[in-house]
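>>> Fold the following for me, if possible:
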Amino acid sequence: MPARRRYPRRRITRRATARRTASRRRAPYRPRPRRGGWSRRRGRQFDSPVLVFGAVVLVVAAVWSLVSWLLAHWWVLIVLAAVGAVVGAGWAHRHQQQRSWDRARQQALRYGLPELDALHHRDFEYAVRDLMRRDGCTDARQIGGAGDNGADVLATDPLGRSWVIQVKHRRDGDRGSPVGTPDLQRVNGTARQQYGADVVLVVTNGRFSTRCQPLASQLRMHLADRRTLATWAGGGRPLWELLPKIPPPRKGR
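The predicted structure is shown next:
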């Protein structure tokens, strides 16, 4: 039989014995006594009003000091008032002058058909907006884009009538594809219900199909084709003087 292999015995030292004994003997749990019922949550709740009150006191003290100093040096108030009056008068003068320049520039606005044909569709919408502003519709704005519900330009003329304009641009002018009845039906479905329009207009630098004019008369809409656009953009007459059967002015105008 083979001889058994002998392993060396581990020597148990006094330190190891002491560690085992200490790990077995655990001290009982003793909760720490609370001092006067104080807690962190209460401390935070108490600190917040104190900080707010301190900030208010500092602000009031700073304002009081400033008022006291200004009362003692009253001439500073006179200087500040004079400077404010000069700055305000200068700003009002510049604003009035800018408005005069804008009005003169709008009154002199003219477009030729080749210039309008070369525009991008979005720029053509802005051109129609500027022409409405030239004729006195100071609130004319371009809203064409995603979700416009068929309206590209909104405006109110000097007689109080609300205009909803759909703009159709053709790169090739009257040689391009004509504007069809679906475009008229689209803007007619929302112009009066959603925008409260008095005048619903479709304007294009091209032409309309033969079925558009009868439908426009039936829906009480107005059409401005290439010929009407040329007269309007190249002259100084407002659009409501060029279109037939425009609704009468609103009451009180």
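>>> CA atoms for contacts and neighbours, from now on please.
OK.
>>> where does this protein dip in pLDDT?
For the chain, applying pLDDT under 70 flags the ranges 1-47, 93-107, 146-148, 251-253.
>>> Helices of that one, residue ranges please.
For the chain, the helices defined by DSSP state H cover 14-24, 40-72, 75-107, 113-117, 121-134, 181-195, 212-218, 226-234.
>>> Just the residues contacting the fourth one, thanks.
Residues from elsewhere that reach helix 113-117 (C-alpha atoms under 8 Å, 6 or more residues apart in numbering): 124, 169-173, 205, 230.
>>> 7 Å instead?
If you take C-alpha atoms under 7 Å, 6 or more residues apart in numbering as the criterion, helix 113-117 is touched by 124, 171, 173, 205, 230.
>>> With the fifth one instead?
Applying C-alpha under 7 Å, 6+ apart, the external contacts of helix 121-134 come out as 106-107, 109, 116, 140-142, 152-153, 167, 169, 233.
>>> how about 8 Å then?
Contacts for helix 121-134 (C-alpha under 8 Å, 6+ apart): 103, 106-107, 109, 116, 138-142, 144, 152-153, 155, 167-169, 233, 238-239.
>>> In ChimeraX, select just the buried ones from these.
In ChimeraX syntax, the buried subset of those is picked out as below (16 or more other C-alpha atoms under 10 Å):
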select :103,106,107,109,116,138,140,141,142,144,152,153,155,167,168,169,233,238,239
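>>> so of the contacts of helix 121-134, which ones are in strands?
Among the contacts of helix 121-134, the members falling in strands (DSSP state E) are 141-142, 153, 155, 167-168.
>>> Just send those back as a markdown table, with distance to V199 too.
Listed next are the ones in strands among the contacts of helix 121-134 as a markdown table, based on distance: C-alpha to C-alpha, whole Å:
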| residue | distance to V199 |
| --- | --- |
| R141 | 15 |
| Q142 | 16 |
| V153 | 12 |
| A155 | 10 |
| V167 | 14 |
| K168 | 17 |
